[in-house]
Structures are given as structure tokens and as C-alpha cells.
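Peer 1: okay, sequence plus prediction incoming.
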Amino acid sequence: MSLNRLRRNFEERRLSLIETLQRQRDELELSKQHQLYGAIKEIESFLKAIDSLREEELDGTDFELKREGERPIALRANLAVKRAGDRTKTFFSAVAVGVNEKVFKGAKRAVSSTRNKVRIYKEIAKEVKARNKSNKRK
């Protein structure tokens, strides 16, 4: 599970616990209220840990001490450059998919619906002309 999905799940759970605590404050026993409050605080500490992990990933400061033949600072710099390249590729692929899904498909639908309307109007115009000719002949 990715960190984003894990964070989203924790946030949803935290919000549901807060809502439960607010809605049922008078109905719940004091010990249950304290348990809910403790669970909320624990989830917040998990969220802080996830944020710090995410920052370490983005900064490339994940302090691996040694690899063969590389110094730690050079290793961290190489990892940061590699991750930046991966993030850039991911960003541009996401933008390309988004543009394809939202812009191109939307434009295609708009053009095809307009073409269908024009085709229908032409058919109606032909039919009206044919009826007018037949009515004039009678």
C-alpha cells in the first residue's frame, strides 16, 4: 500500500472517530470518550510519521550508511537525482493521461455530438423540402 493511500485511510478513520465523538458525546461513557480521543491522537501521530517518511523520500535524506564503493553523501545525492527524475516522469505521464482523458475525449464527444446535430438538421431540412414540393404539386 502506498503512503498516500495509507494516509488517506488514516485521515478518513480519524474524521469518522471525531464525528462519532462529537455526535454521541452525551450518550457515550467517559471511558469510551477517552478511548476515542486516544485513538484520534494515535492516528495523528501515524500521520506525522507518514509525512516525515514522505519528506525523506522527496529530499533523498534516507541515511543509508554504506554501499560498496560509494560514500553516504554521494549515495544520497544519486538517490535524490534518481527520485527527482522518476517524479518528473510520473508527473508528465499523469498530465498526459489527464489531458487525454479529460480534454481529448471531451473534445471528441463535443465534435461528434455537433456532427450528429448537423446531420439531423440536414435530414429534417431535406424532409421539409420534400414535403413542400409534394404539397405544391397537389
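Peer 2: On my side now, so go ahead. Keep in mind that this is a model prediction, so the values were computed, not measured.
Peer 1: now residue 119: how far from residue 8?
Peer 2: Distance, residue 119 to residue 8, by CB to CB, to the nearest Å: 46 Å. For glycine as for every other residue, the C-beta is placed from the backbone atoms N, C-alpha and C.
Peer 1: low pLDDT regions in this structure?
Peer 2: 1, 59-106, 138 (pLDDT under 70).
Peer 1: for it, what spans make up the helices?
Peer 2: Ranges of helices in the chain, per DSSP state H, are 3-23, 30-59, 72-98, 105-137.
Peer 1: possible to save the ones you listed as CSV with mean neighbour count?
Peer 2: Shown next, in CSV, are the helices of the chain (neighbours: other CB atoms under 10 Å):
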stretch, mean neighbour count
helix 3-23, 13
helix 30-59, 13
helix 72-98, 12
helix 105-137, 10
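Peer 1: dihedrals phi and psi, residue 26?
Peer 2: For residue 26, the backbone dihedrals (degrees, to the nearest 10) come out as phi -80, psi -30.
Peer 1: should've said residue 24
Peer 2: Main-chain torsions, residue 24, degrees, to the nearest 10: phi -110, psi 30.
Peer 1: contacting residues for residue 52?
Peer 2: The contact partners of residue 52, by CB atoms under 8 Å, 6 or more residues apart in numbering, come to none.
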